[in-house]
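# fold the stuff below for me.
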Amino acid sequence: IEEPSLYTVKAVLILDNDGDRLYAKYYDDTYPTVKEQKAFEKNIFNKTHRTDSEIALLEGLTVVYKSNIDLFFYVIGSSHENELMLMAVLNCLFDSLSQMLRKNVERRALLENMEGLFLAVDEIVDGGVILESDPQQVVHRVALRGDDVPLTEQTVTQVLQSAKEQIKWSLLR
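Next up is the predicted model:
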């Protein structure tokens, strides 16, 4: 059974401000080799790193992107993809990382938290299908899956608080 193409993400990329790959996950074989992927990454970086817009059409693909300090975030879909869906993925990824990195979304902090990034992307997109666009849910699930993903004290407190309340209610039943 074919998944509806509306929800298909072809790739999620994060490049640094030289256009070098920090993270890349391709969900199909549009660019089957690493060499082709890197050429594509250079191309989108060159086309997007000086512009303020958020959407580009390139090599027959829809590219939505966002930059922050020394990072460039890209979500790529086919040319007939719904930009709003791709944008929802991009914003969810960015907002999730922003929470996980305590708003410190830059290269060094990201490199120190690659495990959290991998987990977050897996929560948002699976096999190119969009699963989640709510950053709260993503951060929560990543926290449950990865023990060494730093969370702000506030989040930890919230989790403990809700656990306490659940225990309290189960005792009252």
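# pull out the buried positions in the host helix or strand of residue 64.
Assigned by DSSP states H and E, residue 64 belongs to strand 61-68. Buried residues in strand 61-68, counted by 16 or more other CB atoms under 10 Å: 61, 62, 63, 64, 65, 66, 67. For every residue, glycine as well, the C-beta is placed using N, CA and C.
# for stretch 34-42, same thing?
Judged by neighbour count using 16+ other CB under 10 Å, the buried positions of stretch 34-42 are 37, 40, 41.
# ditto for stretch 49-63
54, 56, 61, 62, 63.
# need the contact list for the residue nearest to the first one when sequence neighbours are not counted.
Think residue 54. Counting by CB to CB, 6 or more residues apart in numbering, residue 64 is the residue found nearest to residue 54 once chain neighbours are left out, at 5.9 Å. Neighbouring residues of residue 64 by CB atoms under 8 Å, 6 or more residues apart in numbering: 54, 55, 74, 75, 76, 77, 83, 86, 87, 90.
# residue 29: which of the residues you listed is nearest?
residue 76 (13.4 Å; CB to CB).
# what's the separation between that closest one and residue 89?
Residue 76 is 10 Å from residue 89, where distance means CB to CB, to the nearest Å.
# common neighbours of the two, please.
Contacts common to residue 76 and residue 89, judged by CB under 8 Å, 6+ apart, are 9, 12.
# check contacts around the residue positioned nearest the centre of the chain.
Most central in the chain under CA atoms, centre = their mean is residue 93, positioned 3.1 Å from the mean C-alpha point. Residue 93 sits next to 12, 73, 75, 120, 121, 124 when contact means CB under 8 Å, 6+ apart.
# show the pLDDT at it.
You'll see residue 93 listed with a pLDDT of 97.
# helix or strand: which one has it?
helix 83-100.
# buried sites along that helix?
83, 85-97, 99-100.
# any idea of the pLDDT on the residue nearest to residue 40 when sequence neighbours are not counted?
Leaving aside its chain neighbours, residue 40 sits nearest to residue 31 (5.2 Å; criterion: CB to CB, 6+ apart). Looking at residue 31, its pLDDT reads 95.
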